[in-house]
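Colleague: structure for this input, please:
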Amino acid sequence: MNIDKIKSYNCPVEAAMDVVGGKYKAQIVYELIGATRRYNEIAKALPQATPRMLSKQLKELEEDGVINRVLYPVVPPKTEYSLTELGETLVPIVEALCKWGEHYFDLAGLPVPF
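Modeller: Residues are numbered from 1 along each chain as shown. Below you'll find the model as predicted:
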């Protein structure tokens, strides 16, 4: 966690949005709820994310202390991601976003994609 970065925020909402407001960050957190996932599992769950963008979002979440990254020294390399204690505090927020999204689809008369 970068204290200087945190000090630069003008309000708590700005800080929260910086941590989870990236293009795929909330979805990554959602995929890690209650599970440890390998990079390829996350990539399959987010097919619209380019490898470069997914790697960038994972790195930022790790830098912000939201996810753990464990690299195993095997060939080919094995990397696993999981939520940190701080990341776990985002679970109710991400679940609420999911519920709101389901309501949004319902109002539009569309099936919820899963």
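Colleague: can you tell me the helix or strand for residue 29?
Modeller: helix 25-32 (DSSP states H and E).
Colleague: so where do the helices sit in this protein?
Modeller: Remark: helices assigned in the chain by DSSP state H are 3-7, 12-20, 25-32, 39-45, 51-63, 85-88, 91-107.
Colleague: check residue 77 and give its pLDDT.
Modeller: pLDDT recorded at residue 77 is 86.
Colleague: now it: how far from residue 71?
Modeller: For residue 77, the distance to residue 71 (Cβ to Cβ, to the nearest Å) stands at 6 Å. Just so you know, the C-beta spots here come from the backbone N, C-alpha and C atoms, and that holds for glycine as well.
Colleague: do the same with residue 17
Modeller: Taking Cβ to Cβ, one finds residue 17 at 29 Å from residue 71.
Colleague: on that earlier part again, need the winner for burial among the helices of the chain.
Modeller: With neighbours defined as mean count of other Cβ atoms under 10 Å, these peak in mean count at helix 25-32, which reaches a mean of 22.
Colleague: alright, calling it a day.
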